[in-house]
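here's my sequence, what's the structure:
(chains A and B)
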Amino acid sequence: ETGVTQSPTHLIKTRGQQVTLRCSSQSGHNTVSWYQQALGQGPQFIFQYYREEENGRGNFPPRFSGLQFPNYSSELNVNALELDDSALYLCASSLGGLAVYNEQFFGPGTRLTVL
Amino acid sequence: AQTVTQSQPEMSVQEAETVTLSCTYDTSENNYYLFWYKQPPSRQMILVIRQEAYKQQNATENRFSVNFQKAAKSFSLKISDSQLGDTAMYFCAFMETGNQFYFGTGTSLTVIP
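Numbers count the residues shown, from 1 in each chain, chains lettered A, B, ... in the order given. Below you'll find the predicted structure:
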C-alpha cells in the first residue's frame, strides 16, 4: 500500500504564470483535499474532491481550481499567480463519504515560490 | 465561522518531562471531531490523536492524551515522557461532518536533551 505522493517537490514561478500541482491518493482512497500552508501558519482548506466532484470549497478565489481523475489522483491549478500564493501546498486523501469522518492522510507537500 | 486558536507559538520541554499544548475552538455545532497533528521538519503531517465530540472520555494514545472540555471548547494535548523525536510543529484541528478541516496556527515544540 503506497502513501500519498505529491509532485513536484519544489517549484518556482513568476507572478502572472499558471501552475499545476499533482497528488496521488493512497490506494483505495476516493477523496482528496487540498490545503495551502503559508510560512508560519496552519493549513488552510482550499477544496475537496470526492469521486471526481468538488465537495466543498474554502475561501479561495476561482483562479484556484482542481480536478480529480477516475483513479482518484488529483490536480490543483492556480492561474495568474500572485506573490501571496507562495506556500506549501498539501494534499490529503481519505476514504470519503459525505458526512462521515474518515482519517485524512497527508502528502509531503509541494513548496511553491512565486517571484 | 469555525475557528481554532493555539495561543502558544513556541514551547520547549526537557526530555522525559511532560508538556501540555493548548487549543481552543469555536463552533455552534454539537457533533464534530478534534485532532492533533504533528508536522516534523520533514513536513509530512501525521495524526497524533483524535477526539469525537460526543465521547466524554478523553482520548489517549500511548504517551499522548487530551483534555477535552466541551463546554469550554478547549482541547489540550499532553505529551508525557517527552522524547527528542517529539520535536515538531503541532497543529490542533477541527472538523464537522464533510471532512473539511480547520487548523490552528500551530505550536512549535522543542524537546531539549
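
most centrally placed residue in the chain?
Picked chain A for this. A:Trp34 (2.9 Å; C-alpha atoms, centre = their mean).

try chain B instead
Among the residues of chain B, the smallest C-alpha distance to the mean C-alpha position (C-alpha atoms, centre = their mean) belongs to B:Trp36, namely 3.2 Å.

tell me the helices and strands packed up against whichever strand or helix holds that one.
Using DSSP states H and E, B:Trp36 maps to strand B:33-39. Contacting strand B:33-39 under the criterion 3 or more C-beta pairs under 8 Å, 6 or more residues apart in numbering or on different chains; DSSP states H and E are the following elements: strand B:46-52, strand B:64-69, strand B:74-79, strand B:88-95. The way it works is simple: take the backbone N, C-alpha and C, and place the C-beta from them, glycine included.

can you list contacts of the longest one?
With C-beta atoms under 8 Å, 6 or more residues apart in numbering or on different chains as the test, strand B:88-95 has contacts from A:42-43, A:101, B:2, B:4, B:6, B:21, B:23, B:25, B:27, B:32-41, B:45, B:48, B:75, B:77, B:101-104, B:106-109.

for stretch B:37-51, same thing?
Under the criterion C-beta under 8 Å, 6+ apart, residues A:43, A:88, A:90, A:92, A:103-104, A:106-109, B:33-36, B:58-61, B:64-66, B:68, B:75, B:77, B:86-91, B:93, B:103, B:106 lie in contact with stretch B:37-51.

in terms of helix, strand or coil, where does the residue nearest to the centre of chain A fall?
Under the three-state scheme (DSSP: H, G, I helix; E, B strand; the rest coil), the conformation of A:Trp34 reads as strand.

so what's it bridging to?
Judged by DSSP bridges, the bridge partners of A:Trp34 are A:Phe47, A:Cys91.

pretty sure it sits against A:Asn77.
No: assessed by C-beta atoms under 8 Å, A:Trp34 is found out of contact with A:Asn77, at 10.4 Å.

what's the overlap in contacts for those two?
Common neighbours of A:Trp34 and A:Asn77 (C-beta under 8 Å, 6+ apart) are A:Gly66.

just for chain B, where's the confidence low?
Counting by pLDDT under 70, chain B shows low-confidence ranges at B:1-2, B:97-99.

which residues of chain B lie near chain A?
Taking C-beta under 8 Å from any C-beta of the partner chain as the criterion, the neighbours of chain A within chain B are B:4, B:6, B:33, B:37, B:42-47, B:50, B:52, B:91, B:93, B:95, B:97-106.

now these: which count as buried?
For these, a burial check counting by 16 or more other C-beta atoms under 10 Å in any protein chain shown picks out B:4, B:6, B:33, B:37, B:43-45, B:50, B:91, B:93, B:95, B:98-106.

what's the first-to-last distance across stretch A:49-65?
Using C-alpha to C-alpha, to the nearest Å, the end-to-end distance of stretch A:49-65 comes to 11 Å.

contacts for that stretch next, please.
For stretch A:49-65, the external contacting residues (C-beta under 8 Å, 6+ apart) are A:30-33, A:36, A:44-48, A:66-70, A:72, A:74, A:76-80, A:96-98, B:98-100.

out of those, which are buried?
Among the contacts of stretch A:49-65, those scoring as buried are A:30-33, A:36, A:44-48, A:66, A:68, A:72, A:74, A:76, A:78, A:96, B:98-100 (criterion: 16+ other C-beta under 10 Å).

for B:Ser80, give me its contacts.
For B:Ser80, counting by C-beta under 8 Å, 6+ apart, the contacting residues are B:Thr18, B:Arg63, B:Phe64, B:Ser65.
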